[in-house]
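Q: sharing a model prediction with you, sequence too.
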Amino acid sequence: MILSMSKFLMSLSNYTYDQIRKIPVMKNLYKTVLLIIALSGTIISKSQVTDLNSYPSASNVILLDFNGHTVSGTMWNVNGAFTCNSSGLNDAAITEVFNRVAEDYRPFYINVTTNETNYNLAPYNKRMRVVVTTSNEWYGSGAGGVAYINSFTWGDNSPCFVFSALLGNNVKNVAEAASHEAGHTLGLRHQSSYNAACTKLSDYNWGQGTGEIGLQLCSR
Amino acid sequence: MKNLVKGIVCLALFSICLQSNAQTPPVREPDMNRPSLFQNLPNKISCRINDLSALLESEIGKPVSLSLVNNLNFQGVVSSVALKFDNTLSSVVIRSTNFPGAALSFSKITKEDGTYAYVGRIISFQHGDAYEINLENGQYYFVKKGFYDLVNE
């Protein structure tokens, strides 16, 4: 069957594209092929976004969860279980957030991933779920994210949060907030800013420079 | 006039783009003057794991009472429970009725070797102090912490 089809296709090689297109069978074939290519593209692009890994062999895992998550049984659940919406980011934005966070954690033996299975397989006290969500009403609107210090090792499935809508769905801000909150769960505190007299100006330090070459300190 | 309008529209769009790129993320300075909730309680309280483990069987909405020190109990209502990862993680959250704003979370984790680990905290998001369950020489304690030692934005 394949052989005969190949012979048939080869026999068409002397025809121009327009001539081939006008053959009724070929017209449908082309439509089908184009559909299959488009469908494959969609599936491949989707699977790429849901299975991004910065360091697949590492047992320590930071899961960037963009799909929404129901939180229960954790210190966040003072008023009961609640469900967070998805991030509101498209696949391209998710990929960029992943790349930025992965780059931030590149020096460390930690797998930044978008694959929940890798989170579930990680040791219970060596993992963190970063829930990137538009749902912030349960916490308020004063901060772009929140985390428990050192919760990476707690083992009780407490996630940290990045509130994408409060960050204007700005990919750079969402990525920096994800690295920031994940850093808290690993025990990092804010790098405060001080004036020349060593008086504390802010718990946060916005870094130096601007744009792509700006240096963001770990407080961001 | 036509070109002027086009120019203004372009400029407005450009400004909006610039503004959205330069958007400053919302941040909140920590409030170091939060009131204390546990000022009358010791910095370290022996933790009765068996009593806490019994709470894991509780249902949402059930009133519970946990003895902390001497005659002082942590009273509250179960607000959330969870049983996850093939029952290797069991958790309960209790919203306090006698320490306003506070909640206790407690989890029992079954490790790969079949032994158990216990984690938990008592935190109020309106107060400056909190407790965390720590393991010291084989004994679990509630150890007093600052709110910002446990929570950061």
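A: Done, it's in.

Q: mind telling me what element whatever residue of chain B ends up closest to chain A is part of?
A: Closest residue of chain B to chain A, C-beta to the nearest C-beta: residue B:82 (2.6 Å). Where C-beta positions appear, they are placed from N, C-alpha and C, glycine not excepted. For residue B:82, the element it lies in under DSSP states H and E is strand B:72-84.

Q: quick check: buried residues in that strand?
A: Neighbour counts over strand B:72-84 (16 or more other C-beta atoms under 10 Å in any protein chain shown) mark B:74, B:76, B:77, B:78, B:79, B:80, B:81, B:82 as buried.

Q: mind showing which ranges of chain A have poor pLDDT?
A: For chain A, residues meeting the criterion pLDDT under 70 lie at A:1-27, A:30, A:34-48, A:211-220.

Q: now do the strands in it.
A: Using DSSP state E, the strands found in chain A span residues A:60-65, A:69-71, A:82-84, A:110-113, A:127-133, A:145-148, A:160-163, A:193-194, A:200-202.

Q: just name the most buried of those.
A: For the strands of chain A, ranked by mean neighbour count under the definition mean count of other C-beta atoms under 10 Å in any protein chain shown, the leader is strand A:160-163 at a mean of 28.

Q: neighbouring strands - and their directions - for that one?
A: Its sheet considered, strand A:160-163 pairs with strand A:127-133 (parallel), strand A:145-148 (antiparallel) by DSSP bridges.

Q: ok, and what's touching the first one?
A: Outside of strand A:127-133, the residues that reach it under the criterion C-beta atoms under 8 Å, 6 or more residues apart in numbering or on different chains are A:60-66, A:68-69, A:71, A:84-87, A:89, A:97, A:119, A:151-152, A:157, A:159-164, A:174, A:178, A:181-182, A:185-186.

Q: got the angle for that strand vs strand A:60-65?
A: Counting by axes from the mean of the first three to the mean of the last three C-alpha atoms, to 10 degrees, strand A:127-133 points 20 degrees away from the direction of strand A:60-65.

Q: show me how far strand A:127-133 is from its chain's centre.
A: 9 Å (C-alpha atoms, centre = their mean, to the nearest Å).

Q: name the SS class of the spatially closest residue to residue B:69 that is not a sequence neighbour, please.
A: With sequence-adjacent residues excluded and distances taken as C-beta to C-beta, 6 or more residues apart in numbering or on different chains, residue B:69 is closest to residue B:45, at 5.5 Å. At residue B:45, secondary structure determined by DSSP: H, G, I helix; E, B strand; the rest coil is strand.

Q: up against chain A, what does chain B have?
A: Within chain B, the positions adjacent to chain A are B:20-21, B:23, B:25-30, B:60, B:79-85, B:88-89, B:91-93, B:95, B:103, B:105, B:107, B:109, B:111, B:117, B:119, B:121, B:123, B:125, B:149-153 by C-beta under 8 Å from any C-beta of the partner chain.

Q: and if we set it to 6 Å?
A: Residues of chain B that fall close to chain A, judged by C-beta under 6 Å from any C-beta of the partner chain: B:23, B:25-30, B:79-82, B:89, B:91, B:93, B:95, B:103, B:105, B:107, B:109, B:119, B:121, B:123, B:150, B:152-153.

Q: list the buried residues in stretch A:150-166.
A: A:151-166.

Q: identify the residues contacting that stretch?
A: With contacts defined as C-beta atoms under 6 Å, 6 or more residues apart in numbering or on different chains, stretch A:150-166 is touched by A:74, A:87-88, A:124-125, A:128-132, A:134, A:136, A:141, A:144-148, A:174, A:177-178, A:181, A:185-187, B:26, B:89, B:91, B:107, B:109, B:119.
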